[in-house]
Every structure is written in C-alpha cells, then in structure tokens.
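Trainee: here is a sequence with its predicted model. Questions after.
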Amino acid sequence: MKEINLRELYPDTYNTDTFVEVADEVWAVISSSQRAEVAYERRKFRHKAHYSLDYGNGIEKAALPHTPTPEELLEEKQQREQLYTVVMSLPKKQAKRIYARFYLGMTAVEIAHAEGVHPSRVRESIRRGLKKLAEVLRADK
C-alpha cells in the first residue's frame with residue numbers, strides 16, 4: 001500500500017493535506033499518468049508547440065468543424081443561384097466552357113478536345129468570361 005496526498009493530485013478540490021492509502025496498482029496508474037503528462041509537456045516544448053488555438057488569427061475556425069446555421073445555408077444558396085444566373089447570362093460558348101470548367105471540373109484540354117478546338121482558345125474564352133463575371137458581380141454590389 002502506498003500513501004498519497006490528495007492535495008497534490010487535486011489542488012483545486014483539497015485545500016489541506018489529505019493522506020489516503022491506495023493499492024500498488026492504483027499508485028502505478030497514477031504515477032504512469034503523471035510521467036506521461038510530464039513527457040507530453042516536454043515534447044510540446046521541445047517541438048515549440050506551446051501555442052493555443054485561441055490566438056485570434058482565425059486558425060481555430062479553420063481547425064474546428066463548423067455547422068452552418070440556416071441563415072448561412074440560405075445565404076450560400078442565394079449566392080450560388082446568383083452566380084449561376086450571371087454565368088448563364090454570358091455568351092453561350094463562354095457560359096458552356098465556364099460551366100464545364102468550374103461546375104463539372106473538366107480541364108481546358110478536356111473541354112478543347114470535346115469541342116475540337118485548341119486549348120488556348122478555351123483558356124482565353126474562360127479568362128474573358130471570368131473577367132465579365134467579375135465586372136457584373138462588382139456592379140451588383
């Protein structure tokens with residue numbers, strides 16, 4: 001049997017020294033836990049990982065999962081619909097190419113192969129279409 005001071009293990013709970021006898025197995029678990037905690041602190045310091053996600057630069061937002069609110073979901077849906085409407089207001093060929101590139105995930109080479117044109121023509125068409133999109137969206141704000 002080993003005698004331990006509960007004040008050392010639980011300083012927030014015990015204000016005075018309270019000694020308790022525990023079995024050797026319990027003492028082994030407590031001491032291995034303490035050693036693991038000290039080793040973790042040492043590794044954390046050694047690898048310069050002693051920082052917090054509460055730093056304020058937005059890292060905690062990126063690191064933690066975020067469930068969107070119904071308002072955020074509605075706003076995102078409205079933005080997607082507005083963007084789709086603006087894309088479809090472009091000339092037919094540009095709209096088709098931008099849709100294939102960004103909605104379907106095709107590359108410019110794949111689009112060019114499907115249309116039977118040179119990839120540079122597709123890239124230029126997409127670039128001009130995106131420029132028009134930016135102008136229209138900027139004017140709407």
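Mentor: Received the coordinates, thanks.

Trainee: let me see the domain layout of the chain.
Mentor: 2-54, 70-140 (automatic domain parsing).

Trainee: any idea which of the ones you listed scores lowest on pLDDT?
Mentor: Among the domains of the chain, domain 2-54 carries the lowest mean pLDDT, at a mean of 85.

Trainee: how about the residue in the protein that sits furthest from its center?
Mentor: Computed with CA atoms, centre = their mean, the residue of the chain farthest from its C-alpha average is Met1, at 49.5 Å.

Trainee: next, count neighbours for Ala134.
Mentor: Ala134 has 11 neighbouring residues, counting by other CB atoms under 10 Å. To be clear about C-beta, it is placed using only N, CA and C from the backbone, and glycine gets the same treatment.

Trainee: now the strands for the chain?
Mentor: Counting by DSSP state E, the chain has strands at residues 2-5, 19-22.

Trainee: please identify the most buried of those.
Mentor: For the strands of the chain, the largest average neighbour count (mean count of other CB atoms under 10 Å) is found in strand 2-5, namely a mean of 13.

Trainee: run the chain-centre distance for that strand.
Mentor: 46 Å (CA atoms, centre = their mean, to the nearest Å).
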